[in-house]
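Visitor: Got a sequence here, can you build the structure:
(2 chains)
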2 protein chains.
Amino acid sequence: MDSKRLVAVIMAGGSGTRFWPRSRRNRPKQFLSFTGEDSLLTSTVKRLEGLVAPEQTFVITGAVHAKLAREHTGLPPASIIAEPERRDTAACIGLGAMLAQSVREDAVMVVLSADHLIEPAASFRDTLMRAAELADAHDALVSIGQRPTRPATGFGYIELGKRIDDRTPVGFNVTSFREKPDAEKARRFLQAGNFLWNCGIFAFTARGILKAMRQHLPELAQGLDNITDPRDPACIERAWTALPKISIDYGVFEKATNRLVVESTFRWDDVGTFEAIARYRTPDASGNVARGDAAFLEGTKNCLVDNDAGGLVVISGVSDVAVVRSGDVVMVVPRRDLESVRNVVDRLAKDGRHEVL
Amino acid sequence: MDSKRLVAVIMAGGSGTRFWPRSRRNRPKQFLSFTGEDSLLTSTVKRLEGLVAPEQTFVITGAVHAKLAREHTGLPPASIIAEPERRDTAACIGLGAMLAQSVREDAVMVVLSADHLIEPAASFRDTLMRAAELADAHDALVSIGQRPTRPATGFGYIELGKRIDDRTPVGFNVTSFREKPDAEKARRFLQAGNFLWNCGIFAFTARGILKAMRQHLPELAQGLDNITDPRDPACIERAWTALPKISIDYGVFEKATNRLVVESTFRWDDVGTFEAIARYRTPDASGNVARGDAAFLEGTKNCLVDNDAGGLVVISGVSDVAVVRSGDVVMVVPRRDLESVRNVVDRLAKDGRHEVL
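Guide: Next up, the predicted model:
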């Protein structure tokens, strides 16, 4: 397959409340850096270098974040597409398919999220190219799957069918898509050995995904028909709010039959909560882990600090607590509650503390 | 007694590690404000207005804090006396007595601490004048005592003897001075009803205290004899390190016989720990209390926030924790450990984190 047919669609619409106070309304997660200097979005674009041309790369983001997306990607202005509001992934990918076809009719799309940590980039490009080739050769909807390393309950799982051929990265038929499991089910998936995490990274022909949408989400397909020019913001805006709000997994993948999956050869982390920082750092002997300047004194156990505000965070004699310090906000919660930071944001919104959100 | 004989000696030598990170080496507790705008030192000086003339008021402080003391008091430069190093209260008061005599031979000294919260000022001046009159009339060492409101273990206690006369503020003979008691003894003192907290505020004639020192602390008295000019820094410096390091309570008051006490008619707080802020604020229904901007969300109980850094401190789902935020430092400790913040400072010093101390 000619790689010139590749069009990348980067979904960058996240509001990132799970990373408050690091993420704020005006700077969601994809604009933060978790390792090194580059933001997640910048890394996502850089990772495509040599595989997809900038003119064939689209970033779909919230209208209020379009300026930030230009700054973080260095892409041509025409590559930054503003969503009038969030309509979940099916609508976003539908628009992406129309954009891809505006580049070339026979486009093969790779759909990426702007807020994943992925290394190394070369392995990522290999896997992506393999997925694109399978999508084209089999007229299939191809997902990228990650071999599970723990019984995670925060991801969807893909049940593997037969291996397609002896090439690598390895491609499989898909037996089923499974929604985020409970802990017991997640343990079974991990032990069974024939389940991969659903990375939320896909490849398909633009024609193929639009056809699948017409079949499984006819209301969405009709709505997309109203977007006569996918590069015209006014045109998008008029059609947008009529589009059904549904995820691509639930709306298309779980119903489709022509599904394949490629097992990733790269390390992948969706950086879902502040706990992700613990996975990239070595805890001290008492299980404390920090990003940024922190001091854990006597009797401090299993604490987590995320401090990007410059000064020192010192904890003494406290266990199982997370302290996140960013800008002028300090948040203190039980470490186990890091996965529900959204509740903190909701509460503060209800209390009218919009200036800190 | 002619109030022109009054000379005030304000002891402002505290290093204030109990208030870290609000207090730092270059800004100890007496230079912080706990209520309103004025620092504790500024309030201490203002409180004397109308009772003691500025030229008869001395502030004895650490050499490194002399400049700050001038700024906070507005007193004439000659009123700010630098201690070359801390030698405890007996040496400080001995020097104060010599300074008082340099103003006038028949000086009646009132000795104050720079780091107490006291209100109202008029009642304070009444009590002080009464103590000075008793000191002069009875040739006595007079302490100010505070009626206990709780079985505090952080203060010394004064056991009351017979009431002197029917005047107010009420003066008593002293039966005994008691060091900081354990919890059980503190409860007995409170129940007995004839104990006052020792405020660390005193009145005596300069001649009287120097005579008492010669009797009970002859080594100190001889050392003070070497200070031929108490207003000459070089002269103080030469004599200083030879002075014994002992408190006025232990070195003089516990041994002397001519002791009286005046019961205060003012509210007094020595602001010993961050818990003091809780005494000046109303906790929420879950026992949380804050100075500065804080949000206590669901499941947060009995937490304390002291935040003078401007932004928000938000706590969710955590109990019995104190968060102190000042400058670029955030400290998180169990609330019960607020009385041992000094340990945190010691640990950070051992770890070489001098830049935050």
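Visitor: residues contacting the most centrally placed residue in chain A?
Guide: Most central residue of chain A, judged by C-alpha distance to the mean C-alpha position with C-alpha atoms, centre = their mean, is residue A:113 at 3.5 Å. Contact analysis of residue A:113 by C-beta atoms under 8 Å, 6 or more residues apart in numbering or on different chains lists A:10, A:11, A:12, A:14, A:44, A:200, A:201, A:270. Heads up, the C-betas are built off the backbone N, CA and C, glycines and all.
Visitor: Nearest to residue B:35 among those residues?
Guide: residue A:14 (44.8 Å; C-beta to C-beta).
Visitor: Would you agree that closest one is in contact with residue A:29?
Guide: Yes - in this structure, residue A:14 sits in contact with residue A:29. The criterion is C-beta atoms under 8 Å, and the distance is 5.5 Å.
Visitor: overlap in contacts of the two?
Guide: What both residue A:14 and residue A:29 touch, as defined by C-beta under 8 Å, 6+ apart, is the set residue A:115.
Visitor: Show me what secondary structure element comes after the top strand by length along chain A.
Guide: Ordering each strand of chain A by length in residues (DSSP state E) puts strand A:195-205 first. Stepping forward along the backbone from strand A:195-205, the first helix or strand reached (DSSP states H and E) is helix A:206-216.
Visitor: what packs against that next one?
Guide: Here helix A:206-216 is seen to pack against helix A:88-103, strand A:108-113, strand A:141-146, helix A:218-225 when contacts are counted using 3 or more C-beta pairs under 8 Å, 6 or more residues apart in numbering or on different chains; DSSP states H and E.
Visitor: Same list (the ones you listed) but as TSV, adding mean pLDDT.
Guide: Converted to TSV, the helices and strands packed on helix A:206-216 look like this (pLDDT from 0 to 100):
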stretch	mean pLDDT
helix A:88-103	97
strand A:108-113	98
strand A:141-146	98
helix A:218-225	97
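Visitor: I'd like to know which of these is closest to residue B:95.
Guide: Taking C-beta to C-beta as the criterion, strand A:108-113 is the member of the helices and strands packed on helix A:206-216 that comes nearest to residue B:95, at 71.0 Å.
Visitor: thinking again about what came up before, for the residue nearest to the centre of chain A, give its distance to residue B:120.
Guide: Noted for residue A:113: a distance of 64 Å to residue B:120, by C-beta to C-beta, to the nearest Å.
Visitor: cool, and residue A:68?
Guide: When C-beta to C-beta is applied, the distance between residue A:68 and residue B:120 equals 55 Å.
Visitor: what do you get for residue A:290?
Guide: With distances defined as C-beta to C-beta, the gap from residue A:290 to residue B:120 amounts to 47 Å.
Visitor: The two - which one has more neighbours?
Guide: Set residue A:290 next to residue B:120 and count neighbours by other C-beta atoms under 10 Å in any protein chain shown: residue A:290 wins out with 21 against 12.
Visitor: pretty sure the more buried one contacts residue A:305?
Guide: Yes - A contact is recorded between residue A:290 and residue A:305 when judged using C-beta under 8 Å, the distance being 4.1 Å.
Visitor: Helix or strand with the lowest mean pLDDT in chain A?
Guide: Using mean pLDDT, DSSP states H and E, helix A:275-279 stands out as the lowest-scoring helix or strand of chain A, at a mean of 83.
Visitor: Whether that one contacts chain B - can you check?
Guide: No - with C-beta under 8 Å from any C-beta of the partner chain as the measure, helix A:275-279 is seen stopping short of chain B, the closest distance being 16.0 Å.
Visitor: Break chain A down into its domains, please.
Guide: In the assignment given by automatic domain parsing, the structural domains of chain A cover A:3-269, A:275-356.
Visitor: end to end, how far does the last one reach?
Guide: The first residue of domain A:275-356 is 22 Å away from its last residue (C-alpha to C-alpha, to the nearest Å).
Visitor: Quickly note the distance from residue A:127 to chain B.
Guide: Between residue A:127 and chain B the distance, using C-beta to the nearest C-beta, to the nearest Å, works out to 39 Å.
Visitor: can you give me the strands for the stretch 251-357 of chain A?
Guide: Under the criterion DSSP state E, counting those that start in this stretch, the stretch 251-357 of chain A carries strands at the ranges A:259-263, A:267-269, A:289-291, A:294-297, A:304-307, A:313-316, A:321-326, A:329-334.
Visitor: Export these as CSV, with columns for mean pLDDT.
Guide: Shown next, in CSV, are these (pLDDT from 0 to 100):
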stretch, mean pLDDT
strand A:259-263, 98
strand A:267-269, 93
strand A:289-291, 95
strand A:294-297, 97
strand A:304-307, 96
strand A:313-316, 98
strand A:321-326, 97
strand A:329-334, 98
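Visitor: Near chain B, which residues of chain A? Just list them.
Guide: For chain A, the residues in contact with chain B under the definition C-beta under 8 Å from any C-beta are A:21, A:295, A:297-298, A:307, A:309-318, A:321, A:323, A:325, A:327-334, A:337, A:343-344, A:347-348, A:351, A:353, A:356.
Visitor: If any of those residues are buried, put those into a ChimeraX selection.
Guide: Burial among the residues of chain A next to chain B is assessed by 16 or more other C-beta atoms under 10 Å in any protein chain shown; the matching ChimeraX selection reads:
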select /A:21,295,297,307,309,311,312,313,314,315,316,317,318,321,323,325,328,329,330,331,332,333,334,337,343,344,348,353,356
